[in-house]
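**Student:** predicted model follows, preceded by the sequence.
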Number of protein chains: 2
Amino acid sequence: MLNHGGLVKALIEQSIFAERLQIVQKAVSNRTTLPILSGIYVEAISDNLTLYATDLEIAIKTSAKAQIKKEGQIVLPAKLITEIVKNLPEAKVELVSNENENTLQIKSQQSTFNLNTLAPDDYPHFPDTEDTASFKILKKDFDKAVRQVINSASKDESRPILTGALINIEKEKIKIVATDSYRLALKEISSKNSSATQAIIPHRALDEASKIECKDIKITLSPNQAVFYLNDTTIVSRLINGQYPNYSQLFPQKFETTIVSNKDELLSAVKRVSILSLNNTPLKINTSSGKLKISAETADYGSANEEIMATTKGKDIEIAFNAKYLIDGLLGIDGENAVLELVDPLQPGILKSDEKGFNYLLMPIRLS
Amino acid sequence: MLNHGGLVKALIEQSIFAERLQIVQKAVSNRTTLPILSGIYVEAISDNLTLYATDLEIAIKTSAKAQIKKEGQIVLPAKLITEIVKNLPEAKVELVSNENENTLQIKSQQSTFNLNTLAPDDYPHFPDTEDTASFKILKKDFDKAVRQVINSASKDESRPILTGALINIEKEKIKIVATDSYRLALKEISSKNSSATQAIIPHRALDEASKIECKDIKITLSPNQAVFYLNDTTIVSRLINGQYPNYSQLFPQKFETTIVSNKDELLSAVKRVSILSLNNTPLKINTSSGKLKISAETADYGSANEEIMATTKGKDIEIAFNAKYLIDGLLGIDGENAVLELVDPLQPGILKSDEKGFNYLLMPIRLS
């Protein structure tokens, strides 16, 4: 048998090992065309165990303190090692590779596993990271921005650009934008930056980065990749090439109607009406004499009508939206109130909150 | 438009209405061949609102106190009414039918829904229930029995009898049995009964009955149906026709080896080893000098070995089982210890607990 294993001998806490495996697992490929990508690359050096996985679109690397008795590299079958370590008791786990048999022994108390390993030389290298334009923000601000924006990215792979989010670094702020052409979410975060640049990042990379807990996040954008630094974890993502749509021209300059209402009340009412907004039946919004009416009607099933208290300024209006997109926008609002700004029934509406920095543009549905 | 609606006017608490809709919803058909069965039959009489649904295999009826202002019957689209009421605020819900338009108005605070109704005359009658052989037990004993037995019922529709559970009423006890021919779960509950009878009940009826909270359950078996009385709720299920396999002859009369171990320890070890018991690789159990070894090995992935403390009596043995079936059996054990009784590697093993009344028979896998 060809010996492909480096010699590894290491001791690590079960809970830490399990947590780290869970993190890199997200980058493991489901494609069977490249069997090596079903593995997790494990490197034992000085007093660190580093785990790394990639599906060639995204790469995740994470390190944890461990007692290393012999340095080396091995590649382990991702699903098996993750499942095994998750189920081991809370105690030290010993890893000892057998280089003649290309196996790794995993020992903890009365449990012993011998796993066949894969060849570390076959595993693609972790992408080189170079510091070009970068910025650092509080992780909680990043997480909130991702949560507010990510649902608006398109799931339709026929226009790849819209499946990502645009990150735009300006001198005084960072803008994060996502749209599927029916609605657009725009988040602005104040931040002093030395250089201006932009990139379209696959929404999956943002999603995975937002799931990892830490205090700050540093993001580096170079021409071909984005790198997310999250404490002991680094995520590298390819970028989506192409020209992001010029969204700023979509925002109306002047509004004729402004409706302010309690966000939770509006969200509950819209959710209830959406039950009758089947098969893309439009959800109608209607203002008259300081009241906000929300309704939907289908010939087959019936109708839903809600009325909530609202402060309206300007002209009365009747306008219709897709119920799901309206709900997504409302879910992005953190303040107490929701503010809906409208021009007329055929122009986009803007949903925002008391808090500055989040704008949600919503295309209306033409009523027949 | 043909008027099919009885006049209904009723007032009911949202939380109660929502809970009752959730219960009958389980009997609503997913088949589109009979559109009327996508509805819930609602009857308002004296001071009760009774909901009823059936898919012709199982029928569920439940009643709740309500203020009835006009008595009558209507049929409502199940999914819509359930979803609407679940999302209404906690307050009284008013139901008012409009017999000219065949609609029902649902009102609560600022919410108004008008739902198209279906024709109550088209809805199949709730099955007649006659008191033949019946027994009554504590609901918690029933729930436990269902949980211990139900996983052993077959999912394979090609042998319909095995998809049900046998309920056998004897003078001094009730036996509940399920098997898919690879393992068999037998539960005995002490109970004085005047008549002896038996029936094969679809596992779904037992499942749904176990989900409803109440103190006692009364079960009536007649030649064609089983009826479960659960406070304000009644479930009627058809029976499965045919001869249930004669299972008692499967139980070995004499054992050569008895292994007693801590149930939780054994379950954890078996779960871990089962990770390597891929593609039906057998899980091996091995006793020698007071130790219990559990292991699995596949050429492609590797091996798992566990050793746990156990008290063994009789001959040492090596025997193999399907890992999932062994886990199912252990999950049925409530006591502190698991007792495994074995004859030889080719005869079924019996898994039981300190507690009397539960026996789990497990066919071995022949080791090559």
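**Tutor:** Structure's in. What do you need?
**Student:** can you mark which positions in stretch A:270-283 are buried?
**Tutor:** Across stretch A:270-283, burial judged by 16 or more other CB atoms under 10 Å in any protein chain shown covers A:270-277, A:281-283. The C-beta positions use only the backbone N, C-alpha and C, and glycine is treated the same way.
**Student:** kindly report the residues of the stretch 1-150 of chain A close to chain B.
**Tutor:** Taking CB under 8 Å from any CB of the partner chain as the contact definition, the stretch 1-150 of chain A meets chain B at A:77, A:80, A:83-84, A:87-89, A:103, A:110-116.
**Student:** state the pair within those residues that is farthest apart.
**Tutor:** Checked with CB to CB, those reach their widest spread between A:Pro89 and A:Asn116, with 23.8 Å between them.
**Student:** what about A:Ser289, neighbour count?
**Tutor:** 6 (other CB atoms under 10 Å in any protein chain shown).
**Student:** next, work out how far apart it and chain B are.
**Tutor:** Going from A:Ser289 to chain B by CB to the nearest CB, to the nearest Å gives 15 Å.
**Student:** and if you look at A:Ala185?
**Tutor:** As judged by CB to the nearest CB, A:Ala185 and chain B stand 25 Å apart.
**Student:** same question, A:Glu172
**Tutor:** 42 Å.
**Student:** about what we covered before: more crowded one of A:Pro89 and A:Asn116?
**Tutor:** Taking neighbours as other CB under 10 Å, A:Pro89 and A:Asn116 compare with A:Asn116 leading, 17 against 13.
**Student:** what sits against the closest residue to A:Val343 other than its chain neighbours?
**Tutor:** Once flanking residues are discounted, A:Val343 sits nearest to A:Pro252: 4.8 Å by CB to CB, 6 or more residues apart in numbering or on different chains. Contacts for A:Pro252 (CB atoms under 8 Å, 6 or more residues apart in numbering or on different chains) come out as A:341, A:343, A:347-348, A:350.
**Student:** what do you get for A:Pro124?
**Tutor:** Applying CB under 8 Å, 6+ apart, the residues near A:Pro124 are A:36-37, A:54, A:56.
**Student:** could you look up the SS state of it?
**Tutor:** What DSSP: H, G, I helix; E, B strand; the rest coil gives for A:Pro124 is coil.
**Student:** can you check A:Val24 too?
**Tutor:** Classified using three-state DSSP, A:Val24 is helix.
**Student:** am I right that A:Ile68 is in a strand?
**Tutor:** Yes - counting by three-state DSSP, A:Ile68 is part of a strand.
**Student:** quick check: the gap between it and A:Glu130.
**Tutor:** Separation of A:Ile68 from A:Glu130 (CB to CB, to the nearest Å): 28 Å.
**Student:** more neighbours: those two, which one.
**Tutor:** A:Ile68 (20 against 10).
**Student:** that one pairs with what?
**Tutor:** Beta-bridge partners for A:Ile68, by DSSP bridges, are A:Ala10.
**Student:** give me every residue that touches it.
**Tutor:** Per CB under 8 Å, 6+ apart, neighbours of A:Ile68: A:9-10, A:44-49.
**Student:** rerun at 10 Å
**Tutor:** A:Ile68 makes contacts with A:8-12, A:43-49, A:95, as judged by CB atoms under 10 Å, 6 or more residues apart in numbering or on different chains.
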